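>>> curious how this folds, go ahead:
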Amino acid sequence: MLRLENVSYSYIDGGNKRTILDNVNYDFEKGKFYTILGPSGSGKTTLLSIIAGLDKPESGKVYYDGEDIDKIGLGSYRRNKIGIVFQQYNLLTYLTAVENIELAMSETDNEIPKNIREVAYALLEKFGIVKSKADRMINKLSGGEQQRVAIARAIASNVDLIFADEPTGNLDTETEGEIIKIFKNLTKEFNKTVIVVTHSTIVSELSDHRLYLNNKTLNDM
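Purely as a prediction, here's the structure:
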């Protein structure tokens with residue numbers, strides 16, 4: 001589903017060029033849950049930004065279903081092919097939970113049911129957000145509930161590839177476990193591919209594939 005081919009990335013630090021990714025190659029399969037671990041500063045978030053089309057590699061290519069994402073168009077790729085879950089949720093606080101989901105559904109070119117309000121409620125309920133909470137403003141929900149809404153928003157546009165950057169970093173251990181169960185369910189029930197950058201060993205131990213980014217390369221653990 002997703003292929004990295006000789007992906008390299010560097011930046012200038014104090015007048016010196018620092019390479020953090022050097023000819024990274026990897027194939028991600030459909031319907032699998034991946035976690036990427038590595039020391040701070042190893043380039044995990046940079047790698048996620050590149051494969052999510054938020055940044056471009058210095059060299060190398062990223063392919064989605066065999067097609068170069070540059071040829072798909074990065075805007076189209078982000079809008080129609082992937083969903084992203086952030087540590088800080090990045091939800092619109094002036095909207096309710098269900099309105100956040102409806103907005104995501106309205107912005108994609110993918111085929112979406114016409115009764116989007118009903119579908120949005122049903123999707124949120126699937127992730128433990130009942131209708132009474134779905135109608136609340138985002139800042140009236142707990143951190144764990146907001147992250148559930150963020151995950152629902154990520155798949156609301158009918159995409160098959162979900163990225164998450166430290167999605168449980170602000171959550172307690174119990175809520176972290178609940179969120180990881182949701183990610184696992186996305187792969188098993190919905191056949192989504194989930195790629196999570198994390199420092200958490202709890203998260204990584206529950207994934208199908210544990211990857212480690214260090215010394216500029218990405219390898220299976």
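>>> so Ser106, which state does it fall into?
helix (DSSP: H, G, I helix; E, B strand; the rest coil).
>>> residues in contact with it?
Ser106 sits next to Ile112, Ile116 when contact means C-beta atoms under 8 Å, 6 or more residues apart in numbering. The C-beta positions use only the backbone N, C-alpha and C, and glycine is treated the same way.
>>> domain-wise, how is this protein divided?
1-81+160-221, 92-158 (automatic domain parsing).
>>> Tyr63 and Ile69 touch, don't they?
Yes. Tyr63 is in contact with Ile69 according to C-beta atoms under 8 Å; the separation is 7.0 Å.
>>> out of these two, name the residue with the larger neighbour count.
Between Tyr63 and Ile69, Ile69 has the larger neighbour count (other C-beta atoms under 10 Å), namely 23 against 17.
>>> centroid-nearest residue for the chain?
Phe163 (1.6 Å; C-alpha atoms, centre = their mean).
>>> beta partners of that residue?
Ile84, Ile195 (DSSP bridges).
>>> quick one: residues contacting it.
With C-beta under 8 Å, 6+ apart, Phe163 has these contacts: Leu48, Ile51, Ala52, Ile82, Gly83, Ile84, Val85, Ile195, Val196.
>>> if we can go back for a sec, could I get the domains of the chain as TSV with mean pLDDT?
Shown next, in TSV, are the domains of the chain (pLDDT from 0 to 100):
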stretch	mean pLDDT
domain 1-81+160-221	89
domain 92-158	90
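>>> secondary structure element for Leu213?
Using DSSP states H and E, Leu213 falls within strand 209-214.
>>> list of residues touching that strand?
26, 32-39, 42-44, 47, 204, 218-221.
>>> from the residues you listed, keep the buried residues only.
Listed as buried from the contacts of strand 209-214 are 26, 32-38, 42-44, 47, 204, 218; burial here means 16 or more other C-beta atoms under 10 Å.
>>> adding distance to Gly75 and secondary structure, write the residues you listed out as TSV.
Shown next, in TSV, are the buried ones among the contacts of strand 209-214 (distance: C-beta to C-beta, whole Å; DSSP: H, G, I helix; E, B strand; the rest coil):
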residue	distance to Gly75	secondary structure
Tyr26	24	strand
Lys32	26	coil
Phe33	27	strand
Tyr34	25	strand
Thr35	28	strand
Ile36	25	strand
Leu37	30	strand
Gly38	29	coil
Ser42	28	coil
Gly43	24	coil
Lys44	24	helix
Leu47	20	helix
Ser204	32	helix
Leu218	26	strand
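>>> could I get the residues you listed as CSV with distance to Glu125?
Formatted as CSV, the buried ones among the contacts of strand 209-214 follow (distance: C-beta to C-beta, whole Å):
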residue, distance to Glu125
Tyr26, 35
Lys32, 26
Phe33, 22
Tyr34, 27
Thr35, 27
Ile36, 30
Leu37, 32
Gly38, 36
Ser42, 38
Gly43, 38
Lys44, 33
Leu47, 34
Ser204, 29
Leu218, 37
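>>> could I get the full set of strands for the protein?
Assigned by DSSP state E, the chain shows strands spanning 2-13, 16-28, 33-37, 59-64, 67-68, 82-86, 161-165, 193-197, 209-214, 217-220.
>>> return the most buried member of those strands.
Stretch with highest mean neighbour count among the strands of the chain: strand 193-197 (a mean of 26; mean count of other C-beta atoms under 10 Å).
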